[in-house]
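J.: Give the three-dimensional model of this entry:
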Amino acid sequence: MKYAASIVVKAASAVAFALYCSIGSASAALSVESTSSSSDALVRRGYALVQSGQFKPAAVVLKSAIQLNPTDINARRYLSFALMNVGSFIEAEDQLVSIAKIAPLSAADYYLSGSINVRMGNSDQALKDYKSALMLEPDMPAARAGIIELFVLASDFQGATFLCDDCIKKARDRNEYDYFQKVAGYIRSHKTAAAAFDAASSGFNNANGQQIISPTAVSIPASSPVSKPPAPRDLIPQTIQSPLMAPPKIAPIATRARA
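T.: Okay, here's the model as predicted:
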């Protein structure tokens with residue numbers, strides 16, 4: 001009897017242990033699922049804040065999402081975009097470095113890196129990034145617009161116009177066509193403003209140290225100081241400029257600018 005009782009006790013203990021393990025596994029699975037769900041919710045919230053231009057609070061929310069799920073590429077991509085827009089360029093690039101350790105960079109990532117480098121004044125690296133984006137996605141409007149921007153910032157209006165005209169000819173739909181028409185108009189206005197700026201600044205000193213104003217100089221009222229227009233990216237519609245703007249998790253990240 002004692003032997004039989006011992007067997008029963010051991011069997012009961014084994015069942016209890018198995019039940020304990022199954023409960024523990026279920027709890028762990030529920031914990032992981034809960035964490036993933038919480039992370040997804042934070043990413044969606046951060047995404048909504050980014051879309052509405054609230055970049056600082058978006059960065060806070062997305063950092064929380066990354067703490068819950070460090071390998072969430074969407075969260076890091078949106079965070080990089082938000083950090084770029086608040087001027088935290090080094091931190092923004094760090095997020096892209098982290099993404100590269102998780103998976104190969106996408107066209108959207110290279111475009112974002114180019115945008116960061118433009119803002120940092122690293123035109124050569126920006127050009128490399130935009131070209132890398134186009135290697136992965138040859139028709140990416142945002143990357144092509146980024147290269148046009150580099151031409152404009154270098155005052156190479158002829159090059160900018162040539163590339164923009166090519167984009168207009170190769171536009172895949174009406175939205176892209178209208179978009180690059182706006183970019184063409186921007187190039188013309190920037191060229192005109194740059195010429196006015198140069199003309200108004202074209203004075204020189206004669207032998208007596210007196211300033212002589214060039215006959216071609218434009219008279220600008222003191223209340224309206226000459227200033228060059230903003231960078232092209234400030235006039236590019238967000239839906240074209242930012243291929244990052246796609247619903248997180250519930251749909252694949254967009255690697256092509258949406259119209």
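J.: what's the neighbour count on residue 60?
T.: Applying other Cβ atoms under 10 Å, we find 13 other residues in the vicinity of residue 60. Using the backbone N, CA and C atoms, a C-beta is placed for each residue, glycine as well.
J.: tell me which element it falls in.
T.: For residue 60, the host element (DSSP states H and E) is helix 55-68.
J.: so what does the next helix or strand after that helix touch, helix or strand wise?
T.: Stepping forward along the backbone from helix 55-68, the first helix or strand reached (DSSP H and E) is helix 73-85. Helices and strands in packing contact with helix 73-85 are listed as helix 2-51, helix 55-68, helix 89-102, helix 107-120; criterion 3 or more Cβ pairs under 8 Å, 6 or more residues apart in numbering; DSSP states H and E.
J.: Using just helix, strand and coil, how would you label residue 87?
T.: In terms of secondary structure, residue 87 is coil; the call rests on DSSP: H, G, I helix; E, B strand; the rest coil.
J.: Flag every buried residue along the helix holding residue 60.
T.: 55, 58-59, 61-66, 68 (16 or more other Cβ atoms under 10 Å).
J.: Out of these, which comes closest to residue 77?
T.: Set against residue 77, the nearest of these by Cβ to Cβ is residue 62 (9.3 Å).
J.: list the contacts for the closest one?
T.: Going by Cβ atoms under 8 Å, 6 or more residues apart in numbering, residue 62 touches 42-43, 46, 75-76, 78-79, 82.
J.: what's near enough to touch residue 88?
T.: Contacts for residue 88 (Cβ under 8 Å, 6+ apart) come out as residue 59.
J.: Phi, psi for it please.
T.: Its backbone dihedrals place residue 88 at phi -90, psi 70, with angles given as degrees, to the nearest 10.
J.: and it, how far is that from residue 176?
T.: Between residue 88 and residue 176 the distance, using Cβ to Cβ, to the nearest Å, works out to 31 Å.
J.: Ok, residue 142 next?
T.: Shown here: residue 142 relative to residue 176, a distance of 11 Å by Cβ to Cβ.
J.: cool, and residue 63?
T.: Distance of residue 63 to residue 176, given as Cβ to Cβ: 34 Å.
J.: How about residue 87?
T.: From residue 87 to residue 176 the distance is 30 Å (Cβ to Cβ).
J.: One more: residue 164?
T.: Applying Cβ to Cβ, one obtains 12 Å for the distance of residue 164 from residue 176.
J.: more crowded one of these two?
T.: Set side by side, residue 164 and residue 176 show unequal neighbour counts under other Cβ under 10 Å, the larger going to residue 164 at 27 against 19.
J.: which stretches of the protein aren't confidently modelled?
T.: Residues of the chain meeting the criterion pLDDT under 70: 1-37, 199-259.
J.: let's see 90
T.: Scanning the chain with the threshold set as pLDDT under 90 gives 1-40, 47-48, 50-53, 108, 139-143, 145, 149, 152-155, 171-259.
J.: and the residue nearest to residue 49 when sequence neighbours are not counted, what is it in contact with?
T.: Spatial nearest neighbour of residue 49, excluding adjacent residues (Cβ to Cβ, 6 or more residues apart in numbering): residue 58 at 3.6 Å. Going by Cβ under 8 Å, 6+ apart, residue 58 touches 46-47, 49-50, 78-79, 82.
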